[in-house]
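Asks: Got a predicted structure here, sequence first:
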4 protein chains.
Amino acid sequence: MKKASTARRGRHASAWKSVVLSREQQFSLKRAALLREAGRAFSLRGYHNTSLEDVAKTLDVTKAALYYYVKNKQEILFECHMLSLDFGDEAMKYCEENGKTGLEKILLLVDKYVRTITSEMGSFAVLGEYYALEPHNKAIVGKRRDKFDRAFRKLIAEGLSDGTVRAVDPKLTVFFFMGSINWMTRWFTPEGSASGEEIARQLVDLVKGALRAR
Amino acid sequence: MKKASTARRGRHASAWKSVVLSREQQFSLKRAALLREAGRAFSLRGYHNTSLEDVAKTLDVTKAALYYYVKNKQEILFECHMLSLDFGDEAMKYCEENGKTGLEKILLLVDKYVRTITSEMGSFAVLGEYYALEPHNKAIVGKRRDKFDRAFRKLIAEGLSDGTVRAVDPKLTVFFFMGSINWMTRWFTPEGSASGEEIARQLVDLVKGALRAR
Amino acid sequence: MKKASTARRGRHASAWKSVVLSREQQFSLKRAALLREAGRAFSLRGYHNTSLEDVAKTLDVTKAALYYYVKNKQEILFECHMLSLDFGDEAMKYCEENGKTGLEKILLLVDKYVRTITSEMGSFAVLGEYYALEPHNKAIVGKRRDKFDRAFRKLIAEGLSDGTVRAVDPKLTVFFFMGSINWMTRWFTPEGSASGEEIARQLVDLVKGALRAR
Amino acid sequence: MKKASTARRGRHASAWKSVVLSREQQFSLKRAALLREAGRAFSLRGYHNTSLEDVAKTLDVTKAALYYYVKNKQEILFECHMLSLDFGDEAMKYCEENGKTGLEKILLLVDKYVRTITSEMGSFAVLGEYYALEPHNKAIVGKRRDKFDRAFRKLIAEGLSDGTVRAVDPKLTVFFFMGSINWMTRWFTPEGSASGEEIARQLVDLVKGALRAR
DNA sequence: AATGAATGAGGGTTCATTCAT
DNA sequence: TATGAATGAACCCTCATTCAT
């Protein structure tokens, strides 16, 4: 009896929720789903290699319906980039708040970022499609990315000052590590042999080995 | 005497030849230029974002003229991939012949490969456009790339055996380093602040730090 | 009573339906029109000499709109062939059911087929464009055509057995007659001096004269 | 010895001939070969389905070389049509000179024409590609064809007058027979089971049966 | 809120044709 | 005489985008 009632409640709850969700909430949820699926496809097959028809099919709607949620294909790409950058900023904020030394912060950053990228949410880390952005958007994204890169370099500088990081070129080092991370979207799949956690742990280990001063 | 004269004539002949190129040579040169320019564009702006018209324009010919040298746009992409893989194989061969220990070989490999990629010749390292290959070609390229990855892993295993490399996951480590390298095509330009040599040196340094056993 | 009322309603419904066509019906009608116009053009000017632009213009739509109804230019040709073969099969079935002797069946076949070809419906009898079919489709069409030819020959054989047809080579005879018929698409126009009925009557008369045993 | 000398003479003769042929003769021979091969291809695969590259390949020269012998692809088609019409006229002249009655002439015409079409020389009876002629040429060819058709009809009329042909519609009858003949280029091959002679005999037999008055 | 239908722009490809050599 | 190389026009096809319903 209890079971039945729970079940009923469960059913009611979800049924209710789908009714009770405000229009704006529904809209947001659907839009988010659209961005997620599109981003996943973009980062897997590339922007120009993914048609809106493809995206629509994974959402079980028609191509035309997408235009209710976004203005453009370009807007999708732009938003995906922004979300992806949000992830970076979050990881950056997290590591700055929780790390003590420069090295510690760097390792926290890598760990957090890789975990995000490999989680379901982060599957649309489409950083690879930078060139597909139209000039205006490219400028915005570029600026934010530069900012992120500079913050990353600052962490390295911090490590150099506090003696936890050995002498390396901050700029190139950031490029190298970001390459390792961004390239993941090309080979990582949730079904693969290595889990996101494992990958994060291994990369952290590698970075530690590469940067740690002795 | 006769020999000498022949040799002299031979030298003259080839000197002449190098000025007045044979038709086949001209053909090869033009084809190579086509591949180079196309590859450069592909790796900069993406395969689908680069029209043959664009490529033709940089070569100062008509779109149609390209079809005298290649069968397809797809063939261009495929050939670029193969050339890029050739570079990898050369680097691999080089390091296996000249390195002693596992670690040494790895460092030689990274050094050689990065130098190639950043040299003028390597401007068409379009490894990013894997998904744009049609199935048949994708299979071929995929196989070769896997082979390269396996050889790379083997170097790591070798280092593990001979004690020059510390305990790391070979598979993931290869992915990480290849990411660093492949990602270079996204930010490297000959005009940039860092030269190819410098980049190679820095990455080698980083890899050494990351892998070296103590 | 209920029945009657239902029937009445039914009639109303269908009357209504025939005015306000369902989407599927509209789609089918438009597709049929597309095939008809394309087929007419193909058989008049040839497949390769007819651009989709031409076809689109006669339908007052854009070239691109055609792709909503067919996959390919090739699909258009193929479907026209199949429709044309359907006509042949229908005529064959008709003559086998309604004719008594071999000769009678042959004459019925010729009569029916010619009437169909010359009617509005049959305007896309593009049998001449066989070579423009791509291999796969050519095989399918070829098989069906062979089947028709064999059935035709069988009618002649039947006439030979029952004594209504004089000694002729079945295979060549079929080729000759099919030539007369297929060639019609080259000179027949609805505006011409001879009507479809007249043509059918004359050809039947000729065939009778040519085949009848005495 | 005699043998050797003959051989030598033979060799000389042909070698000589190829030297001694006047430029104009060589030109004419090659041009004729070009027309023959092109015509063969046109009537087999259609005008637009046959590229000059194809034609050039069968002659073992380059596409560009063809332009030394003809002005145009269109000129090739036109000349083929004219040659084909020449064959018709020859057959017509032959039958008029050698036949007595109307029917006799008709049968001679059919016999001669079919034999020509099926012989090596006549393989380029490309009458099917009428629509591919450009307006000016189409007018010329159309006129000659009409003239031939009228002459054919006249033979029928003659047969009607002299009582050797039964009552048929001259115009349609001509169309029917020409269809049988023209359609042959679609199915006849020298390697096929029926020889040209056999086909001619059978068609003559059929025509006789169809037209003969009793 | 979503769909069917249509469009326009752009890209890849073919091919007849030209021309210097 | 014949070739290699190149061109321009035309064509098929895809796809992001729009709009009435």
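Replies: Nice, I can see it.
Asks: The lengthiest helix in chain A packs against which elements?
Replies: In chain A, taking DSSP state H as the definition, the longest helix is helix A:135-162. Counting contacts by 3 or more CB pairs under 8 Å, 6 or more residues apart in numbering or on different chains; DSSP states H and E, helix A:135-162 packs against helix A:73-98, helix A:102-118, helix A:170-187. Every residue, glycine included, has its C-beta placed from N, CA and C.
Asks: Looking at the longest one now, give me its mean pLDDT.
Replies: Regarding helix A:73-98, the rounded mean pLDDT is 95.
Asks: which parts of it are buried?
Replies: Neighbour counts over helix A:73-98 (16 or more other CB atoms under 10 Å in any protein chain shown) mark A:73, A:76-81, A:83-85, A:87-88, A:91-92, A:94-95 as buried.
Asks: what's the answer for stretch A:29-48, then?
Replies: So for stretch A:29-48, counting by 16+ other CB under 10 Å, buried means A:30-31, A:34-44, A:46-48.
Asks: follow-up on the earlier one: for the longest helix of chain A, which residues meet the burial criterion?
Replies: Quick answer for helix A:135-162 (16+ other CB under 10 Å): A:137, A:141, A:144-145, A:148-149, A:151-156, A:158-160.
Asks: now swap in stretch A:53-66 and tell me
Replies: A:55-56, A:59, A:66.
Asks: And the buried residues of helix A:135-162, which is closest to DNA strand F?
Replies: Closest approach to DNA strand F among the buried residues of helix A:135-162 (CB to the nearest atom of the strand): residue A:137, at 12.2 Å.
Asks: how close does residue A:138 get to residue A:129?
Replies: 11 Å (CB to CB, to the nearest Å).
Asks: Hmm, residue A:91 and residue A:116 touching each other?
Replies: Yes. Residue A:116 lies in contact with residue A:91 (CB atoms under 8 Å); the separation is 6.4 Å.
Asks: returning to what we had before: need the helices and strands packed on helix A:135-162 in TSV (columns: distance to residue A:206).
Replies: Below are these laid out as TSV (distance: least, CB to CB, whole Å):
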stretch	distance to residue A:206
helix A:73-98	17
helix A:102-118	9
helix A:170-187	8
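Asks: what's the closest of these to DNA strand E?
Replies: Going by CB to the nearest atom of the strand, the one of those nearest DNA strand E is helix A:73-98, 11.7 Å.
Asks: quick one: which of the buried residues of stretch A:29-48 sit in strands?
Replies: Using DSSP state E, the subset of the buried residues of stretch A:29-48 located in strands is empty.
Asks: From those residues, pick the one nearest residue A:204.
Replies: residue A:43 (22.4 Å; CB to CB).
Asks: quick one: low-confidence ranges for chain A?
Replies: A:1-20, A:120-126 (pLDDT under 70).
Asks: Which of the buried residues of stretch A:53-66 sits closest to residue D:201?
Replies: The nearest member of the buried residues of stretch A:53-66 to residue D:201, counting by CB to CB, is residue A:56 at 65.7 Å.
Asks: which bits of chain A sit near DNA strand F?
Replies: A:50-53, A:63-64, A:67, A:72-74 (CB under 7 Å from any atom of the strand).
Asks: let's see 10 Å
Replies: Proximity of chain A to DNA strand F (CB under 10 Å from any atom of the strand) is limited to residues A:47-56, A:62-68, A:70-77, A:134.
Asks: how many neighbours does residue A:214 have?
Replies: 5 (other CB atoms under 10 Å in any protein chain shown).
Asks: now it, what's its secondary structure?
Replies: Recorded secondary structure, residue A:214: coil (DSSP: H, G, I helix; E, B strand; the rest coil).
Asks: Tell me which other helices or strands the helix or strand containing residue A:55 touches.
Replies: Take DSSP states H and E as the rule and residue A:55 turns out to sit in helix A:52-59. Packing contacts for helix A:52-59, counted by 3+ CB pairs under 8 Å, 6+ apart, involve helix A:23-45, helix A:63-66.
Asks: Put the alpha carbons of the first one into CSV.
Replies: If I follow you right, that is helix A:23-45. Extracted in CSV, the C-alpha atoms of helix A:23-45 (Å, rounded to 0.1, in the frame of the first residue of the first chain):
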residue,chain,number,x,y,z
ARG,A,23,6.4,28.5,-19.4
GLU,A,24,9.8,30.1,-18.9
GLN,A,25,11.1,27.1,-17.1
GLN,A,26,10.0,24.7,-19.8
PHE,A,27,11.5,27.0,-22.4
SER,A,28,14.8,27.1,-20.5
LEU,A,29,14.9,23.3,-20.1
LYS,A,30,14.2,22.7,-23.7
ARG,A,31,16.7,25.3,-24.8
ALA,A,32,19.3,23.8,-22.6
ALA,A,33,18.7,20.3,-24.0
LEU,A,34,19.0,21.8,-27.5
LEU,A,35,22.3,23.4,-26.7
ARG,A,36,23.6,20.2,-25.0
GLU,A,37,22.7,18.0,-27.9
ALA,A,38,24.0,20.4,-30.5
GLY,A,39,27.2,21.0,-28.6
ARG,A,40,27.8,17.3,-28.2
ALA,A,41,27.4,16.8,-31.9
PHE,A,42,29.6,19.8,-32.7
SER,A,43,32.4,18.6,-30.6
LEU,A,44,32.1,15.2,-32.0
ARG,A,45,31.7,15.8,-35.7
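Asks: wait, isn't residue A:113 in contact with residue A:89?
Replies: No. Under the criterion of CB under 8 Å, residue A:113 is not in contact with residue A:89, lying 10.3 Å apart.
Asks: So for residue A:195, which of the helices and strands packed on helix A:52-59 sits nearest?
Replies: Of the helices and strands packed on helix A:52-59, nearest to residue A:195 by CB to CB is helix A:23-45, at 18.1 Å.
Asks: touching DNA strand E at all, that closest one?
Replies: Yes. On the criterion CB under 10 Å from any atom of the strand, helix A:23-45 is in touch with DNA strand E at A:23-27, A:30-31, A:34.
Asks: residues near the closest residue to residue A:214 other than its chain neighbours, how many?
Replies: Once flanking residues are discounted, residue A:214 sits nearest to residue A:166: 7.3 Å by CB to CB, 6 or more residues apart in numbering or on different chains. The number of residues packed near residue A:166 is 15, by other CB under 10 Å.
Asks: do the same with the one 5 residues further on
Replies: Counted with other CB under 10 Å, the neighbours of residue A:171 add up to 16.
Asks: Let me see the backbone angles for residue A:165.
Replies: The phi/psi pair for residue A:165 (degrees, to the nearest 10) reads phi -120, psi 140.
Asks: Please name the bridge partners of it.
Replies: residue A:212 (DSSP bridges).
Asks: Give me the number of neighbouring residues for it.
Replies: 23.
Asks: wouldn't it be in contact with residue A:153 here?
Replies: No. Under the contact definition of CB under 8 Å, residue A:165 does not touch residue A:153, with a separation of 11.4 Å.
Asks: circling back: in a markdown table, list the helices and strands packed on helix A:52-59 along with distance to residue B:212.
Replies: Listed next are the helices and strands packed on helix A:52-59 as a markdown table, based on distance: least, CB to CB, whole Å:
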| stretch | distance to residue B:212 |
| --- | --- |
| helix A:23-45 | 33 |
| helix A:63-66 | 51 |
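Asks: if we can go back for a sec, in JSON lines: the residues of helix A:23-45 next to DNA strand E, plus distance to chain B.
Replies: Converted to JSON lines, the residues of helix A:23-45 next to DNA strand E look like this (distance: CB to the nearest CB, whole Å):
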{"residue": "A:23", "distance to chain B": "37"}
{"residue": "A:24", "distance to chain B": "35"}
{"residue": "A:25", "distance to chain B": "35"}
{"residue": "A:26", "distance to chain B": "33"}
{"residue": "A:27", "distance to chain B": "31"}
{"residue": "A:30", "distance to chain B": "27"}
{"residue": "A:31", "distance to chain B": "26"}
{"residue": "A:34", "distance to chain B": "21"}
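Asks: so residue A:197 makes contact with residue A:115?
Replies: Yes. Using CB under 8 Å, residue A:197 is in contact with residue A:115, at 6.9 Å.
Asks: Which one's more surrounded, the two?
Replies: Remark: of residue A:197 and residue A:115, residue A:115 carries more neighbours, 17 against 13, as counted by other CB under 10 Å.
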